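Asker: Mind folding the following:
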Amino acid sequence: MPATRSTTETSARDFAIAAARMAAETRCTNVVLLDVTKISPITDYLVIATGSSARQMRSVCDDIEDMAKPLGYRALTRAGHDGETWILTDFVHVVVHVFSAEARGYYDLDSLWGDGEKVDWQK
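Answerer: Numbering: from 1, shown residues only. Sure, this is the predicted structure:
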């Protein structure tokens, strides 16, 4: 199924906020949501979170994918699901990154995409 969505479905911003909240609710820490619409030609929002274990990281990504379907989003691709350090789930307009603490520090996407606007997803 294509990764596109109709205009009647949930906006990318609302979906990104829901994904950030889901990550936090499933015991991810340091959850950051960045609006990169002005600096990225590839996606609109990045959700970056730190997981507590490989199993927990897989669970949160599964939960976000399950939540996404009724909102009109389907994962275009997922990378790292069998690994233990970084899982990326690409919903086209929103990309979710769940890292181990060590990998998050190493790849430092927070700084790499630091010109993006932080979105307050906790409201």
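Asker: hey, let's count contacts and neighbours off CA atoms from now on
Answerer: Will do.
Asker: Identify the residue nearest the geometric centre of the protein.
Answerer: With distances taken as Cα atoms, centre = their mean, Val96 lies nearest the centre of the chain, 1.8 Å away.
Asker: check contacts around that one.
Answerer: Ala19, Leu46, Val47, Ile48, Leu88, Thr89, Asp90 (Cα atoms under 8 Å, 6 or more residues apart in numbering).
Asker: Now the fourth one: phi and psi?
Answerer: Its backbone dihedrals place Ile48 at phi -120, psi 130, with angles given as degrees, to the nearest 10.
Asker: next one: the third one
Answerer: With angles defined as degrees, to the nearest 10, Val47 shows backbone torsions of phi -110, psi 120.
Asker: swap in the first one?
Answerer: Phi and psi for Ala19, reported as degrees, to the nearest 10, are phi -70, psi -40.
Asker: Pretty sure it sits against Asp66.
Answerer: No. With contact defined as Cα atoms under 8 Å, Ala19 does not count as touching Asp66 (10.6 Å).
Asker: Of those two, which one has the most company?
Answerer: Ala19 (28 against 14; other Cα atoms under 10 Å).
Asker: re the thing from before, relative to Ala101, which of the contacts of Val96 is nearest.
Answerer: Ile48 (11.4 Å; Cα to Cα).
Asker: What pLDDT does the model give the closest one?
Answerer: If you check Ile48, the pLDDT there is 98.
Asker: again, but for Gly83
Answerer: The predicted local confidence for Gly83 is 86.
Asker: ok, the residue lying closest to it once chain neighbours are set aside - contacts?
Answerer: Sequence neighbours aside, Ala54 is the residue nearest to Gly83 in space, at 7.2 Å (criterion: Cα to Cα, 6 or more residues apart in numbering). For Ala54, the contact set (Cα under 8 Å, 6+ apart) comprises Gly83, Glu84, Thr85, Ser100.
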